[in-house]
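K.L.:
test case, fold it:
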Amino acid sequence: MNKQSCVVCVEGPAKYKCPKCSAHYCSLACYKQHQQQCSATSDGNSDTGKESKKQYSILPPKPSPNVLFVNGKYPTIAEEALPTKSQIDQAVDDPKVHKMLQENPEIAVSMRRLVELQKTETGPVPLRTLDAIQQNRLHNPDFEQLASYILDKYYHQEENTG
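P.N.:
Next comes the predicted model:
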């Protein structure tokens, strides 16, 4: 059995593979969500090599072996050191964030996926969402720029004043 994580929810074990791009997913719901992004990515590309590269660049990366997990699920970071859902919600409504997303559609797709993941979080700290954000930061310089802006404006500022 495959030990990879789902590229959509970054949570479930991947049981299935996309026939177009070979991305791994865990359920029909994740497959349907992936298909929308996979189809949207391949519509504008005629060269299959470029198409394949572009598809993988917008998918959430596989979990890093450098991230430590508790019970195989959550990073071992003190919860009080992480941004809250309300801080993330404020960043989602920021006009500069919207402008950055309009200028880079690949990041917009990743951010939509992260916002949807964040909406499913139940605790005060969205651990799965934060792990997915970190993975995107490691593999996409444009996403890193957006994440740095959000952290500096909404998280580190409150950290320094609190």
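K.L.:
please make it C-alpha for all contacts and neighbour counts, starting now.
P.N.:
Noted.
K.L.:
shaky segments in this protein?
P.N.:
By pLDDT under 70, the weakly predicted segments of the chain are 1-3, 39-83, 124-125, 155-162.
K.L.:
isn't residue 15 up against residue 23?
P.N.:
No. At 10.6 Å, residue 15 does not count as touching residue 23 under the criterion of Cα atoms under 8 Å.
K.L.:
the two - which one has more neighbours?
P.N.:
Ranked by neighbour count (other Cα atoms under 10 Å), residue 15 and residue 23 place residue 23 first, with 19 against 15.
K.L.:
which one is the more buried one nearest to, not counting chain neighbours?
P.N.:
residue 17 (5.5 Å; Cα to Cα, 6 or more residues apart in numbering).
K.L.:
residues near that neighbour, how many?
P.N.:
Residue 17 sits with 14 neighbouring residues when counted by other Cα under 10 Å.
K.L.:
how far away is it from residue 38?
P.N.:
12 Å (Cα to Cα, to the nearest Å).
K.L.:
let me see the ranges of the strands in the chain.
P.N.:
If DSSP state E is used as the criterion, the strands of the chain fall at 16-17, 24-25, 69-70, 74-75.
K.L.:
hmm, back to that, tell me which residues touch the residue nearest to residue 23, please.
P.N.:
Residue 17 makes contact with 23, 24, 25, according to Cα atoms under 8 Å, 6 or more residues apart in numbering.
K.L.:
what about the second one, distance to residue 133?
P.N.:
When you say that, I think you mean residue 24. Taking Cα to Cα, one finds residue 24 at 18 Å from residue 133.
K.L.:
also the first one?
P.N.:
In this structure, residue 23 and residue 133 are separated by 19 Å, where distance is defined by Cα to Cα.
K.L.:
ditto for the last one
P.N.:
Distance, residue 25 to residue 133, using Cα to Cα: 18 Å.
K.L.:
what about the helices in this structure?
P.N.:
28-43, 48-58, 85-92, 95-103, 105-119, 127-139, 141-150, 157-161 (DSSP state H).
K.L.:
which of those helices is buried the deepest?
P.N.:
Of those, the one with the most neighbours on average (mean count of other Cα atoms under 10 Å) is helix 127-139, at a mean of 20.
K.L.:
elements contacting that one?
P.N.:
Helices and strands touching helix 127-139, by 3 or more Cα pairs under 8 Å, 6 or more residues apart in numbering; DSSP states H and E, are strand 74-75, helix 105-119, helix 141-150.
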